[in-house]
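Visitor: Just a sequence and a predicted model for now, questions to come.
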Amino acid sequence: MANAGKTLVSVATYNELENLPALVEEIFRFAPEADLLVIDDNSPDGTGAWCERKRTEDPRVFCLHRPGKLGLGTAHVAAMKFAVAQGYRYLLTLDADFSHPPQCLPELIAGMDPPGGEAKDVLIGSRYVPGGGTQGWPIARKLMSRAVNLYARCLLGLMPKDCSGAYRCYRVSLLEKIDFGSILSRGYSFQEEILWRLKRLGARFGESPIVFVERRRGESKIHAGEAASALKIIFSLGMKNWLGR
């Protein structure tokens, strides 16, 4: 297939017009051979319209327009299905708000099949390995993030130290084996759920350090209700995990 050796970078957006033009420029600066898929949930600020204009200028850009806010997890599923259908080698996901440093793209791509090293099926841009970290977080948020990761690792039997971050590179040939219809998460628990499902398929995991930077522009999309829902879904999957289902 035409895309067999290529990487697809995916960004989910809702009202990210302040960030997206500069982010696209940075993505192609550090990964010029990649394609980019923007999944926009009908942003009222014109993010989707900007993407369409960019598409006419740059054939590396693809746009998927959805009718409204359908959840971050469903956006990732859409990106995975697109990568599988188009035959890409890797799918790399990152946030649209510059919290995930684009300069780390080459390391994440190269780390999937390092010369003389162990191949990975999922390489996580990790805050919780040596060299990683966060900037701009209050202590309460740091503690909450650590607690959520410990919760997910214990319940789901996951080895990576950063199970909740969205900056990741996936091997598309393994994503082909996922039953996307069985995925429960529509929101933020998707990050943990997809690792658990890939683990059950024998995925090889790795982590590469990143420094997560709190967004400078725009508004965060997470809220307390969605966070509570994520914890419930992880608990439900954990029960299946420990019961061997």
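Guide: In hand now; what should we look at?
Visitor: alpha carbons only for contacts and neighbour counts from here, please
Guide: OK.
Visitor: Same question for the helix ranked longest in the chain: list its buried residues.
Guide: Longest helix of the chain, by residue count under DSSP state H: helix 224-243. Of all the residues in helix 224-243, those buried under the rule 16 or more other C-alpha atoms under 10 Å are 226, 229-231, 233-235, 237-238.
Visitor: same thing with stretch 156-175?
Guide: Within stretch 156-175, the residues that count as buried by 16+ other C-alpha under 10 Å are 156, 158, 160-172, 174-175.
Visitor: and those, which of them are in strands?
Guide: Judged by DSSP state E, the buried residues of stretch 156-175 include 168-171 as members of strands.
Visitor: so which of those comes closest to W196?
Guide: When those are ranked by distance to W196 (C-alpha to C-alpha), Y170 comes first, at 13.6 Å.
Visitor: Leaving out chain neighbours, which residue sits closest to the closest one?
Guide: Computed as C-alpha to C-alpha, 6 or more residues apart in numbering, the closest residue to Y170 that is not its neighbour in sequence is V122, at 4.6 Å.
Visitor: was I right about the one you found contacting G202?
Guide: No: using C-alpha atoms under 8 Å, V122 makes no contact with G202, being 10.9 Å away.
Visitor: The two - which one has more neighbours?
Guide: V122 (26 against 10; other C-alpha atoms under 10 Å).
Visitor: Kindly provide the distance from that one to R60.
Guide: V122 sits 23 Å away from R60, going by C-alpha to C-alpha, to the nearest Å.
Visitor: what do you get for L91?
Guide: Counting by C-alpha to C-alpha - L91 and R60 are separated by 14 Å.
Visitor: do A4 as well
Guide: Note on A4: its distance to R60, by C-alpha to C-alpha, is 15 Å.
Visitor: between the two, who's got more neighbours?
Guide: Using other C-alpha under 10 Å as the criterion, A4 and R60 rank with R60 on top: 16 against 12.
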